[in-house]
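In: need a structure here:
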Amino acid sequence: MSRFPLSRRPVLAWLASGALLPSVSHAQASGPMQSWKLATSRRTGIHDVAPAPDGGVFFSAQASGHLGWFEPSTGRTELIPLGSGSSPHGVIQGPDHAAWLTDGGQNAIVRVGWPDRKVSVHRLPAGTPWANLNTCAFDGDGDLWFTGQAGYVGKLAVKTSQVSVKEAPRGRGPYGICTTPAGEVWWCSLAGSFIAHIDRKTGDSRIVEPPTRGQGARRVWSDSRGRIWVSEWNSGQVSVHDPAANSWRAWKVPGSNPMIYAVYVDERDRVWVSDFGGNAVWSFDAGGEKFERFPLPRDSGNVRQILGRKGEVWLPESGTEHITVIRTAAA
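Out: Numbering: from 1, shown residues only. Okay, here's the model as predicted:
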């Protein structure tokens, strides 16, 4: 679980940032949404999810130290142990169809081959302090970049298995990370309240300041145009940075106390965010500037990551040990 508390700092003058007030509509939870209680004998601490290549869904089991695999057609869940002391945070599917995890407990990147389920542990270089590994993303050259909340950004060169780590600008806070369609890598700092672009040749990061100070940039995701969408934990906003135009826009998520954790952009460029304050997931149509609310069917769902594939948006309910899908019109 994140080392950052779930309480929020006061919102700092979000109106001055250019935030926009959207329109709101409501979706029925019983319509496109389906949920399953994880069929495991122990608490997994489900944290992040990623579609698996066989139609299943990977998830990081942070509390139990496993890669989880969920089969929607049967509801079956499998747990693959990652090693002694494992506590994985992020998981994604790699170009090789394997599951790749950022394992804070082992201070390592872990690969689980699929479907052979072979576990390979790539530890951070000797002498590297505990990085509190967070999330990872593959760049356009097939290398894996990752963040560590303790103040690190690193790369695993997949062909050589060499892991390198750099101290992040402004210290602790690196959290979400994403790759654009052009293969560029961006990350954000929750504690530092900024986003950053990585120079893939040097590993250095160039900070880009959002217009809202102290907004708490928690996760980032790219749309098809290479624009970077940001979930702002402290301000309750979703914002977007266009690197080509060097511009920003921001929208306040509806509700009395929005706490925006995850962000994901689907194949139609529709933006999805999770809201701890409203116990809901919102979809956002940037063209029409309209939000649509999908209330979670259980209290304190706490969706920390959103990922999907065509026609499906997958949600891990870390607070309830459920996994949920929203099936969209693209299915």
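
In: Check whether the spatially most central residue of the chain sits in a helix, strand or coil.
Out: Nearest to the mean C-alpha position of the chain, counting by Cα atoms, centre = their mean, stands Gln305 at 4.4 Å. Following DSSP: H, G, I helix; E, B strand; the rest coil, we place Gln305 in the coil state.

In: Look at it and report its pLDDT.
Out: pLDDT, Gln305: 97.

In: And for the residue lying closest to it once chain neighbours are set aside, the neighbour number?
Out: Closest residue to Gln305 apart from its sequence neighbours, by Cβ to Cβ, 6 or more residues apart in numbering: Asp48 at 3.9 Å. For glycine as for every other residue, the C-beta is placed from the backbone atoms N, C-alpha and C. The number of residues packed near Asp48 is 25, by other Cβ atoms under 10 Å.

In: tell me the contacts of Asp48?
Out: By Cβ atoms under 8 Å, 6 or more residues apart in numbering, the contact list for Asp48 reads 59-60, 89-91, 135, 304-305, 307, 316.

In: before we move on, what about Ser193?
Out: By Cβ under 8 Å, 6+ apart, the neighbours of Ser193 are 210, 213-217, 234.

In: Would you list the buried entries among these?
Out: Among these, those that count as buried by neighbour count (16 or more other Cβ atoms under 10 Å) are 210, 214-217, 234.

In: could you dump the residues you listed to CSV with secondary structure, pLDDT and distance to Pro243?
Out: Output for the buried ones among the contacts of Ser193, formatted as CSV (DSSP: H, G, I helix; E, B strand; the rest coil; pLDDT from 0 to 100; distance: Cβ to Cβ, whole Å):
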residue, secondary structure, pLDDT, distance to Pro243
Pro210, coil, 98, 13
Gly214, coil, 98, 22
Gln215, coil, 98, 18
Gly216, coil, 98, 21
Ala217, strand, 98, 15
Asn234, coil, 98, 23
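
In: just to revisit the earlier point, could I get the contacts of Asp48 in TSV, plus columns for distance to Gly183?
Out: Listed next are the contacts of Asp48 as TSV, based on distance: Cβ to Cβ, whole Å:
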residue	distance to Gly183
Phe59	26
Ser60	24
His89	24
Gly90	19
Val91	21
Thr135	17
Arg304	26
Gln305	22
Leu307	19
Pro316	27
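
In: Mind checking which of these land in strands?
Out: Judged by DSSP state E, the subset of those located in strands is 59-60, 89-91, 135, 307, 316.

In: which one of the residues you listed sits closest to Ala126?
Out: Closest approach to Ala126 among these (Cβ to Cβ): His89, at 21.8 Å.

In: What about that closest one, how many residues nearby?
Out: 27.

In: Isn't it up against His47?
Out: Yes. His89 lies in contact with His47 (Cβ atoms under 8 Å); the separation is 5.8 Å.

In: joint contacts of these two?
Out: Going by Cβ under 8 Å, 6+ apart, residues that sit against His89 and also against His47 are 60, 62.

In: Quick check: which ranges of the protein have low pLDDT?
Out: Scanning the chain for pLDDT under 70 picks out 1-31, 330-331.

In: on that earlier part again, want to throw the ones in strands among the contacts of Asp48 into CSV with distance to Gly68?
Out: Output for the ones in strands among the contacts of Asp48, formatted as CSV (distance: Cβ to Cβ, whole Å):
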residue, distance to Gly68
Phe59, 4
Ser60, 7
His89, 13
Gly90, 13
Val91, 9
Thr135, 17
Leu307, 14
Pro316, 9
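
In: Closest one of those residues to Ser274?
Out: Pro316 (9.7 Å).

In: list the contacts for the closest one?
Out: Counting by Cβ under 8 Å, 6+ apart, Pro316 has contacts 46-49, 59, 303-305, 323-324.

In: Touching, the residue nearest to the centre of the chain and His47? I think so.
Out: Yes. With contact defined as Cβ under 8 Å, Gln305 counts as touching His47 (6.8 Å).

In: which neighbours do these two share?
Out: Shared contacts of Gln305 and His47, counting by Cβ under 8 Å, 6+ apart, come down to 90, 316.

In: Gln149 is in contact with Gly176, isn't it?
Out: No. Using Cβ under 8 Å, Gln149 is not in contact with Gly176; the gap is 10.7 Å.

In: So between the two, which is more surrounded?
Out: Higher neighbour count among Gln149 and Gly176: Gly176, with 26 against 23, using other Cβ under 10 Å.

In: Identify the residues contacting the helix or strand where that one lies?
Out: Element membership for Gly176, per DSSP states H and E: strand 174-179. By Cβ under 8 Å, 6+ apart, the surrounding residues in contact with strand 174-179 are 134-140, 145-149, 151-153, 168, 185-190, 217-222, 228, 231, 263.

In: What strands line up against that strand, and which way round?
Out: When pairs are called by DSSP bridges, strand 174-179 turns out to pair with strand 185-189 (antiparallel).
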